[in-house]
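>>> Quick one, fold the following:
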Amino acid sequence: MTIDAESLKLRVCAEVDRLADRLIDASHQIHAHPELNYHEVFAHDLLTGILDDCELPPARHAYGVETAFEARAGSSGPDIAVLCEYDALPGIGHACGHNVIATAGLGAGLAAAAIADEAGGRIRILGTPAEEGGGGKIQMARQGAFEGLSAAMMVHPADADLIRMDCIAVQELYVDYHGRAAHAAAAPHEGRNALDAAVLGYMNVAALRQHILPSERIHGIFTKAGDKANIVPAETSMTWMVRSPNIASLQPLKQRVVDCLEASASATGCGCSHRWQGVTYADMIDNAPMVQSYVANAARLGRTVHDPRSIGRAVVGSTDMGNISYLVPSIHPMIKVAGDGVPIHTVEFAEWARGPEGDLAVLDGAKAMAMTVVDLWVSASLRESVTAAFATRPESQEVL
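Residues are numbered from 1 along each chain as shown. Coordinates of the predicted model:
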């Protein structure tokens, strides 16, 4: 039987239009209820409730992650996943536009589910919490969430339509300095100043930053700096993020950072303890044949998706989708929701994510991904190209 891809694409787009009011309302509700890593109870319940209403019952609290979910449709054929993110940032809410990611992914998955059996494919809608540092996808992958997939995809908001985000490897570092309290006026000589240790550690890293690759990043904050100005601080704490182009190059940079921070403890007579977060975000490997399919489908919607280097609009960051791209052929294109030059992770971007441009991105993102799913289902040659491209990825034993 010949499958008419064009007809299927028209139908998935019509299905997104049918669901449009529900998807946009869900985007606005998630935006109005920002929730941090692994606390996305409202978003989890809202999205799974919509899946129930659409007669696609989800598995809640999936893969051992309380705010994750999964819904499946289709009985045979290539198994494709669309991913939903819905966590927010502290203080600035949905300044990364995860309300758009969540509902575009939901719309794409529901539209694809409506034709899955007819098209000879399978679809998974995966709710993946805690992208903003918690590594939700990594935790789910450790429990088998991405096994057996032919491909995975999501869209990410930005100020331009781009084929990719420049995603680099990152790991968080938690540092504690241990000194000795004393009266800062009466007997400062009896103390060992843990704040001095932290400040010197920060300055050591600042000096290190002159001598790292232009593609590497190190940035940190003080999370505890003492209790009262007339007490020599006995305990201080810092959090750092260390980034490098890939996991392999990240390892030596991590050691250089630790050396800087431990040296300041020695200089001040304090102790130093540190621990690395249990998840390392990998670099992102965008599957070129899948990207080409997405670009062509986005063009049908009036969106020209650019290579960021061709227009000088690269967006640099890190995501646990990078880890998934080592396990499954994946794409992570950027979809325009904000005015030119408005960066993600800002209050201004959060406002755009709930505006008309954000609403349009929900629908266009859902349609472009659903049509890309159709391409993967009906085109054996595309799947062969995707598999061949995936086979060229670097080997990494550390993505999980």
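>>> So what's the model's average confidence on the one helix or strand residue 248 maps to?
For residue 248, the host element (DSSP states H and E) is helix 247-268. Regarding helix 247-268, the rounded mean pLDDT is 97.
>>> now for that helix, which elements pack on it?
On a contact count with 3 or more CB pairs under 8 Å, 6 or more residues apart in numbering; DSSP states H and E, helix 247-268 meets strand 169-178, helix 194-208, strand 235-244, strand 271-276. (C-beta placed from N, C-alpha, C; glycine too.)
>>> who's in contact with the shortest one?
Going back to what we said before, that points to strand 271-276. For strand 271-276, contacts defined as CB atoms under 8 Å, 6 or more residues apart in numbering pick out 171-179, 197, 201, 254, 258, 261-262, 264-265.
>>> which of the residues in the helix holding residue 248 are buried?
With burial defined by 16 or more other CB atoms under 10 Å, the residues of helix 247-268 counted as buried are 247, 249-250, 253-254, 256-258, 260-262, 264-265, 268.
>>> Same list (those) but as a markdown table, adding distance to residue 124.
Listed next are the buried residues of helix 247-268 as a markdown table, based on distance: CB to CB, whole Å:
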| residue | distance to residue 124 |
| --- | --- |
| 247 | 26 |
| 249 | 32 |
| 250 | 30 |
| 253 | 35 |
| 254 | 34 |
| 256 | 40 |
| 257 | 38 |
| 258 | 39 |
| 260 | 43 |
| 261 | 42 |
| 262 | 45 |
| 264 | 48 |
| 265 | 47 |
| 268 | 52 |
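>>> Looking at those, spot the one nearest residue 219.
Using CB to CB, residue 257 comes nearest to residue 219 of the buried residues of helix 247-268, at 10.8 Å.
>>> State the distance from the closest one to residue 171.
Distance of residue 257 to residue 171, computed by CB to CB, to the nearest Å: 10 Å.
>>> For the residue most central in space within the chain, which three-state class applies?
Nearest to the mean C-alpha position of the chain, by CA atoms, centre = their mean, lies residue 319 at 3.7 Å. When classified by DSSP: H, G, I helix; E, B strand; the rest coil, residue 319 comes out as coil.
>>> wait, it sits on residue 167?
Yes. Residue 319 lies in contact with residue 167 (CB atoms under 8 Å); the separation is 5.3 Å.
>>> Can you read off the backbone torsions of the closest residue to residue 41 other than its chain neighbours?
Nearest non-adjacent residue to residue 41, counting by CB to CB, 6 or more residues apart in numbering: residue 67, 6.3 Å away. Backbone torsions of residue 67, given as degrees, to the nearest 10, read phi -110, psi 20.
>>> Give me the pLDDT for the closest residue to residue 11 other than its chain neighbours.
In this structure, residue 11 finds its nearest non-sequential neighbour in residue 115, 5.8 Å apart by CB to CB, 6+ apart. Note on residue 115: pLDDT of 98.
>>> What is the neighbour count of residue 115?
24 (other CB atoms under 10 Å).
>>> Do you have the helices of the chain handy? List them.
If DSSP state H is used as the criterion, the helices of the chain fall at 5-18, 20-32, 41-53, 98-113, 116-119, 136-142, 194-208, 247-268, 288-300, 308-311, 321-327, 347-353, 356-378, 380-390.
>>> Please export the alpha-carbon coordinates of the first one; PDB is fine.
The one in question is helix 5-18. Presented in PDB, the C-alpha positions along helix 5-18 are these (Å, rounded to 0.1, in the frame of the first residue of the first chain):
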ATOM      1  CA  ALA A   5       2.900  11.600   2.900                       C
ATOM      2  CA  GLU A   6       1.500  14.900   1.600                       C
ATOM      3  CA  SER A   7      -2.000  14.000   2.700                       C
ATOM      4  CA  LEU A   8      -0.700  12.800   6.100                       C
ATOM      5  CA  LYS A   9       1.100  16.100   6.600                       C
ATOM      6  CA  LEU A  10      -2.000  18.100   5.900                       C
ATOM      7  CA  ARG A  11      -3.900  16.000   8.400                       C
ATOM      8  CA  VAL A  12      -1.400  16.400  11.200                       C
ATOM      9  CA  CYS A  13      -1.400  20.200  10.700                       C
ATOM     10  CA  ALA A  14      -5.200  20.200  10.700                       C
ATOM     11  CA  GLU A  15      -5.100  18.200  14.000                       C
ATOM     12  CA  VAL A  16      -2.800  20.800  15.600                       C
ATOM     13  CA  ASP A  17      -5.200  23.500  14.400                       C
ATOM     14  CA  ARG A  18      -8.100  21.600  16.000                       C
END
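>>> Next, the angle helix 356-378 makes with it.
If you take axes from the mean of the first three to the mean of the last three CA atoms, to 10 degrees, helix 5-18 sits at 150 degrees to helix 356-378.
>>> now helix 5-18: how far from the chain's centre is it?
Relative to its parent chain, helix 5-18 has a centroid offset of 28 Å by CA atoms, centre = their mean, to the nearest Å.
>>> what's it in contact with?
With contact meaning CB under 8 Å, 6+ apart, helix 5-18 is reached by 23, 107-108, 110-112, 114-115, 118-119, 297, 300, 363, 366-367, 370-371, 373-375, 378-379.
>>> try 6 Å this time
Residues from elsewhere that reach helix 5-18 (CB atoms under 6 Å, 6 or more residues apart in numbering): 107, 111, 114-115, 119, 363, 366-367, 370-371, 374, 378.
>>> Spit out the contact partners of the residue nearest to residue 209 when sequence neighbours are not counted.
Residue nearest to residue 209 in three dimensions, not counting chain neighbours: residue 218, with 5.7 Å by CB to CB, 6+ apart. Counting by CB under 6 Å, 6+ apart, residue 218 touches 205, 209, 242.
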